[in-house]
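okay, sequence plus prediction incoming.
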Amino acid sequence: MLEIRDLQTGYGKKEVLFGLSLDVHKEEIIALIGPNGAGKSTILKAVCGLIPAWKGEIHFDGVLINKSSPAKNVARGITFAPQGNRVFGELTVIENLEIGGFQLSRKDLNERIVEVLDIFPILKDRSNQEAHKLSSGEQQMLSLARALLPKPKLLMLDEPSLGLAPSLVNVVFKTISQINQNTKTAILIAEQKVSEVLNICHRVYSIKLGKIAFSGQPTELKKDKQKLKDLFL
């Protein structure tokens, strides 16, 4: 579904990714792990179209998308939930969801809102509440729900556990796993909570200094704690 080949990109004159390649297949959960500043978020932003690819190629469903805008990528089936509970605080839960479905017809939008709120019943109970009044965990759920609104083929999540209380982290990862199982949506997730994300992913890439330091099955890293530790040093 997603093929990244020899990707080089960064910010301004600072290169962050140095010829990185990876794949995401249909219905997979793929984890991106690694230390802060390794380039995990940069991969997601490049795929989304928020930053340009300097060199290399990004293909989605066989189509080269290097120069596609974020709006065009949403239409293709790629959505992105950035880190930090990025919701529109003065808007209600429903209004936030409507923004996620801005490309849908009113009929399809209304149907998708009903479907998504069934996945997140806590948001259904607060559908007319302003987003800034939600707890941090509820805001994270709203960010996830908004990204799911267009019924994406590929859902990209950037540290969905960031800032959450430990009791909520497991809830978020369980929800992500259920989304994958119930909707067959492929998920590419950058995450610092390594143990938790290894429990739900099908394959894992470890990013270090803008390159792939490891790719394989999560069980390999769960069994080899020293290898996992070395990837973060």
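Ah, there it is.

all strands for this structure, in order.
Along the chain, the stretches classed as strands by DSSP state E are 2-11, 14-24, 29-33, 55-60, 63-64, 78-81, 154-158, 186-190, 203-208, 211-216.

show me where pLDDT drops low in this structure?
85, 233 (pLDDT under 70).

hey, which helix is longest across it?
Selection of the longest helix in the chain by residue count, based on DSSP state H, yields helix 166-183.

by contact count, what packs against that one?
strand 29-33, helix 106-119, helix 136-148, strand 186-190, helix 194-198 (3 or more Cβ pairs under 8 Å, 6 or more residues apart in numbering; DSSP states H and E). From N, CA and C alone the C-beta is placed, and that goes for glycine too.

just put the ones you listed in TSV and tack on distance to residue 224 and mean neighbour count.
As requested, the helices and strands packed on helix 166-183 are exported to TSV (distance: least, Cβ to Cβ, whole Å; neighbours: other Cβ atoms under 10 Å):
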stretch	distance to residue 224	mean neighbour count
strand 29-33	14	25
helix 106-119	35	15
helix 136-148	31	23
strand 186-190	21	25
helix 194-198	12	18
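
which parts of stretch 119-136 are buried?
Across stretch 119-136, burial judged by 16 or more other Cβ atoms under 10 Å covers 119-120, 123-124, 126, 130-131, 134.

can you list these in JSON lines and add distance to residue 166?
Below are those laid out as JSON lines (distance: Cβ to Cβ, whole Å):
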{"residue": "119", "distance to residue 166": "23"}
{"residue": "120", "distance to residue 166": "20"}
{"residue": "123", "distance to residue 166": "22"}
{"residue": "124", "distance to residue 166": "25"}
{"residue": "126", "distance to residue 166": "23"}
{"residue": "130", "distance to residue 166": "27"}
{"residue": "131", "distance to residue 166": "23"}
{"residue": "134", "distance to residue 166": "19"}
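
farthest pair in the residues you listed?
The most widely separated members of the buried residues of stretch 119-136 are 119 and 130, with 21.2 Å between them, by Cβ to Cβ.

returning to that earlier point: inside helices: which ones of the buried residues of stretch 119-136?
Per DSSP H, these map to helices at 119, 123-124.

which of these lies closest to residue 19?
Checking these against residue 19 by Cβ to Cβ gives residue 119 as the nearest, at 37.8 Å.

related to what we said a few turns ago, want to throw the strands of the chain into a markdown table with distance to residue 144?
Below are those laid out as a markdown table (distance: least, Cβ to Cβ, whole Å):
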| stretch | distance to residue 144 |
| --- | --- |
| strand 2-11 | 19 |
| strand 14-24 | 18 |
| strand 29-33 | 14 |
| strand 55-60 | 21 |
| strand 63-64 | 26 |
| strand 78-81 | 6 |
| strand 154-158 | 7 |
| strand 186-190 | 10 |
| strand 203-208 | 21 |
| strand 211-216 | 26 |
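
quickly list what the residue nearest the centre of the chain is bridged to.
Closest residue to the average C-alpha location of the chain: residue 157 at 1.6 Å, with Cα atoms, centre = their mean. Using DSSP bridges, the bridge partners assigned to residue 157 are residue 81, residue 189.

residue contacts, it?
81, 144, 147, 176, 187-191 (Cβ atoms under 8 Å, 6 or more residues apart in numbering).
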